[in-house]
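Q: Let's see this in three dimensions:
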Amino acid sequence: MEILVERPTPERLEALGVRSWPVWTKEPSTFDWFYDDAETCYLLAGRVRVEPEGGGPAVDIGAGDLVTFPQGLACVWKVTEAVRKHYRFG
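A: Residues are numbered from 1 along each chain as shown. Modelled structure (predicted):
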């Protein structure tokens, strides 16, 4: 299961309607997560290392990244700098 990371243009963010998505914040921490549904998120602030369970490559993400997590992904989130992100499931 691949985690997709891109550096979107302002036009792409506008086309997706990112500014209307809910905002989620998290302090530095480590926790397990499972994606019941696909999620697309845009990081406004912070740094995270996402480590897929089962041996996929770890992915480092930060402010300015648009990230798509696939449905069914089990992973560990390691938040190294407090995160603020827009997100959308489905």
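Q: Show residues contacting stretch 17-27.
A: Stretch 17-27 is contacted from outside by 13, 41-42, 44, 46, 66, 77, 79, 82-88, using C-beta atoms under 8 Å, 6 or more residues apart in numbering. No exception for glycine: its C-beta is placed from N, CA and C like everyone else's.
Q: Partner strands of the lengthiest strand in the chain, with direction?
A: Secondary structure assigned by DSSP state E gives strand 74-89 as the longest strand of the chain. Strand 74-89 has the following sheet partners, assigned by DSSP bridges: strand 23-26 (antiparallel), strand 29-34 (antiparallel), strand 39-52 (antiparallel).
Q: For Ile61, find the nearest of those.
A: The closest approach between Ile61 and any of those, judged by C-beta to C-beta, belongs to strand 39-52 at 5.2 Å.
Q: Tell me which helix or strand comes right after the closest one.
A: strand 59-62 (DSSP states H and E).
Q: follow-up on the earlier one: so which of the strands paired with strand 74-89 is the most packed in?
A: With neighbours defined by mean count of other C-beta atoms under 10 Å, none of the strands paired with strand 74-89 is more surrounded on average than strand 39-52, at a mean of 18.
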